[in-house]
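Colleague: I need the structure of the sequence given here:
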Amino acid sequence: MTTTRGIKTIALRQMAEEGPGAISLRGIAREMGMTARAIYSYFPTRDDLVTELIGEIAASLAAAVETACDAVPDTDPGGRLVAWGEALREWALANPEGFRLFYGSPIPGYRPPEGGPVDQTARRVCRELTRLVAAAWPHARRHQPEDASWADLHPDYVAKLRADLPDVPPAAAALALRVWGRMHGLVALEVDGHIRPVAGNPAALYRAEMLDLVRSLGLS
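Modeller: Below you'll find the model as predicted:
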């Protein structure tokens, strides 16, 4: 294991054991038998470490969901949505600390650089899910309210979305956020240990939710 990988591994463990505010370069240096000066040659600040960690985690998630989705033909928009959602769950369960770092409680005092790798990859994940929902919109619009407007969404989000996907109507963009909520909600509950005590087969429960989601969009 390289020194850089060792630093990242310990940082994720610190967060898993003590919460997102526990990541400490000095603590990592002590555990690795390094001086503070030595570890700062790898990451000048804690925020530099966090930014690289989140960027790496987000890229891994984006690749996982895109690969799963691309394995399903464009002619099956419902199947592509289910594949995306199930890949999200599988990735999160395999990378719980990464999921919490990317989507969990904010790290105290940390702000990702505007337009940096974290912002770009998070935008990539959001864009691809919105693209999937937009592809399903010709079917879904018969079952969804169309009274949404761009004013219902945050202006910064609207600016990024319209730059990336100029043909997506506001009602489809709002639907994509609701789809994301249904996918993310069960995954977050399972990652945090709340599903397994009450569900004998969490994978079947999640798939049933994804299939119900697809039906609600008129795709089955």
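
Colleague: check which helix or strand Ile107 maps to.
Modeller: Assigned by DSSP states H and E, Ile107 belongs to neither a helix nor a strand.

Colleague: what is the burial count for the residue nearest to it when sequence neighbours are not counted?
Modeller: Of all residues not flanking Ile107 in the chain, Pro20 sits nearest, at 4.4 Å (Cβ to Cβ, 6 or more residues apart in numbering). Quick note: C-beta positions are derived from backbone N, CA and C, even for glycine. Neighbour count of Pro20, defined by other Cβ atoms under 10 Å: 18.

Colleague: isn't Pro20 right up against Phe102?
Modeller: No. The pair Pro20 / Phe102 is not scored as a contact, 10.8 Å apart, by Cβ atoms under 8 Å.

Colleague: pull out the buried positions in stretch 66-73.
Modeller: Neighbour counts using 16 or more other Cβ atoms under 10 Å place 68-69, 72 of stretch 66-73 among the buried residues.

Colleague: need the contact list for the residue of the chain positioned farthest from its centre.
Modeller: Residue farthest from the centre of the chain, counting by Cα atoms, centre = their mean, is Thr35 at 34.4 Å. By Cβ atoms under 8 Å, 6 or more residues apart in numbering, Thr35 lies in contact with Ala29.

Colleague: C-alpha coordinates for the helix or strand bottoming out on mean pLDDT in the chain, PDB please?
Modeller: Lowest by mean pLDDT, DSSP states H and E among the helices and strands of the chain is helix 117-140, with a mean of 86. Coordinates of the C-alpha atoms in helix 117-140 are reproduced here as PDB (Å, rounded to 0.1, in the frame of the first residue of the first chain):
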ATOM      1  CA  PRO A 117     -13.300  17.600  -8.600                       C
ATOM      2  CA  VAL A 118     -16.000  17.100  -5.900                       C
ATOM      3  CA  ASP A 119     -18.300  19.600  -7.600                       C
ATOM      4  CA  GLN A 120     -17.700  18.200 -11.100                       C
ATOM      5  CA  THR A 121     -18.200  14.600 -10.200                       C
ATOM      6  CA  ALA A 122     -21.300  15.200  -8.000                       C
ATOM      7  CA  ARG A 123     -22.700  17.100 -11.000                       C
ATOM      8  CA  ARG A 124     -21.900  14.100 -13.200                       C
ATOM      9  CA  VAL A 125     -23.900  11.800 -11.000                       C
ATOM     10  CA  CYS A 126     -26.800  14.200 -10.800                       C
ATOM     11  CA  ARG A 127     -26.700  14.800 -14.500                       C
ATOM     12  CA  GLU A 128     -26.800  11.200 -15.500                       C
ATOM     13  CA  LEU A 129     -29.800  10.400 -13.200                       C
ATOM     14  CA  THR A 130     -31.600  13.400 -14.600                       C
ATOM     15  CA  ARG A 131     -30.800  12.200 -18.100                       C
ATOM     16  CA  LEU A 132     -32.400   8.800 -17.300                       C
ATOM     17  CA  VAL A 133     -35.500  10.400 -16.000                       C
ATOM     18  CA  ALA A 134     -35.700  12.800 -18.900                       C
ATOM     19  CA  ALA A 135     -35.500   9.800 -21.300                       C
ATOM     20  CA  ALA A 136     -38.500   8.300 -19.400                       C
ATOM     21  CA  TRP A 137     -40.400  11.600 -19.400                       C
ATOM     22  CA  PRO A 138     -42.500  10.900 -22.500                       C
ATOM     23  CA  HIS A 139     -44.000   8.000 -20.700                       C
ATOM     24  CA  ALA A 140     -43.900   9.400 -17.200                       C
END
